[in-house]
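# requesting a structural model of the entry that follows:
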Amino acid sequence: MSASGPPPETYPTLPYERERLSREEMISAARAFLETLRKRRTVREFSSDPVPDEVISLAIEAAASAPSGANQQPWTFVVVRDPAVKREIRIAAEKEEHENYNGRMPDEWLRALAPLQTDWHKEFLEIAPVLIVVFRQDYGIDDQGRHVTHYYAGESAGIASGFLLAALNAAGLATLTHTPSPMGFLREILGRPKNEKPYLLIPVGYPAEGCRVPDIRKKPLREVMVER
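Residues are numbered from 1 along each chain as shown. Sure, this is the predicted structure:
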């Protein structure tokens, strides 16, 4: 065995095939997916109505199918439904956010946030029926308790989070991407091990009746796509 590992032929492979769509079918599928994603908005006004547990499980299964560095899948998805735990998270998050909005954030950051009409109050953390906390596993621990290096853990968790948001949106649910920095309190409240760091807090549910969102726009394709 060389220092770089065994030769590739020693690892098993599987055949992989995908149905090749016609040009028209490809464009239709891509356009339908785009239109579904265009319905996604960051929501801060949630209904307290419960959502099907199976939908949450299926969305997380979709997220866990994401590619990751060396296929190490360095993520954990913690689903929170318990009202008492949600309240504990809200109290801790609002404590951090109060400091953020009252001195910790520079003026430039506050100006950037102004169109989103946010402040330190995070009542949606209790109202939304489900919170999903994405944890990034900075390293693994094997069966012998040994440290296992993870590669591209942050990038991998980011891709998986994107899959998760898309899956929840496709199921007709509203979400919010919340990062109440610093987020160490989430690991403590949820009892996660030290190799896991909170990456993203996602309230999930239906939009409240009469829900409103900021009138903002995404950049047009010509500003984000470059062809060479």
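# the closest residue to Pro203 other than its chain neighbours: what's it in contact with?
Spatial nearest neighbour of Pro203, chain neighbours left out: Ala128 (3.6 Å); criterion: Cβ to Cβ, 6 or more residues apart in numbering. For glycine as for every other residue, the C-beta is placed from the backbone atoms N, C-alpha and C. By Cβ atoms under 8 Å, 6 or more residues apart in numbering, the residues touching Ala128 are Phe46, Ser48, Lys86, Leu176, Pro203, Val204, Gly205.
# distance from the helix or strand hosting Leu37 to the middle of the chain?
Applying DSSP states H and E as the criterion places Leu37 in helix 23-38. Relative to the chain's own centre, helix 23-38 is displaced by 23 Å; criterion: Cα atoms, centre = their mean, to the nearest Å.
# and for that helix, what's in contact with it?
So helix 23-38 is contacted by Leu21, Ala166, Asn169, Ala170 (Cβ under 8 Å, 6+ apart).
# which positions within the very next helix or strand once past that helix qualify as buried?
Remark: after helix 23-38, the chain's next helix or strand is helix 53-63, criterion DSSP H and E. Under the neighbour-count criterion of 16 or more other Cβ atoms under 10 Å, helix 53-63 has Val55, Ile56, Ala59, Ile60, Ala62, Ala63 buried.
# so where's the protein uncertain?
Across the chain, the ranges flagged by pLDDT under 70 are 1-6, 8.
# which residue lies nearest the spatial centre of it?
Ser161 (3.2 Å; Cα atoms, centre = their mean).
# one step back: of all the contacts of helix 23-38, which two lie farthest apart?
Leu21 and Asn169 (22.7 Å; Cβ to Cβ).
# who has more neighbours, those two?
Asn169 (18 against 12; other Cβ atoms under 10 Å).
# contacts for the helix or strand hosting that one?
Using DSSP H and E, Asn169 sits within helix 153-170. Applying Cβ under 8 Å, 6+ apart, the external contacts of helix 153-170 come out as 36-37, 39-40, 55, 58-60, 62-69, 72-75, 77, 132, 134-139, 175, 177, 199-200, 202, 204.
# packing partners for the lengthiest strand in the chain?
Looking across the chain with DSSP state E, the single longest strand is strand 196-205. If contacts are counted by 3 or more Cβ pairs under 8 Å, 6 or more residues apart in numbering; DSSP states H and E, strand 196-205 sits against helix 124-127, strand 130-137, helix 153-170, strand 174-175, helix 184-190.
# following the chain onward from that strand, which element is next?
Downstream of strand 196-205 (by DSSP H and E), the next one is helix 221-224.
# from Asn71, how far out is Ile216?
Distance from Ile216 to Asn71, counting by Cβ to Cβ, to the nearest Å: 37 Å.
# also Leu125?
Distance from Leu125 to Asn71, by Cβ to Cβ: 33 Å.
# same deal with Ala157?
From Ala157 to Asn71 the distance is 14 Å (Cβ to Cβ).
# more neighbours, these two?
Using other Cβ under 10 Å, the more surrounded residue of Ala157 and Asn71 is Ala157, with 26 against 8.
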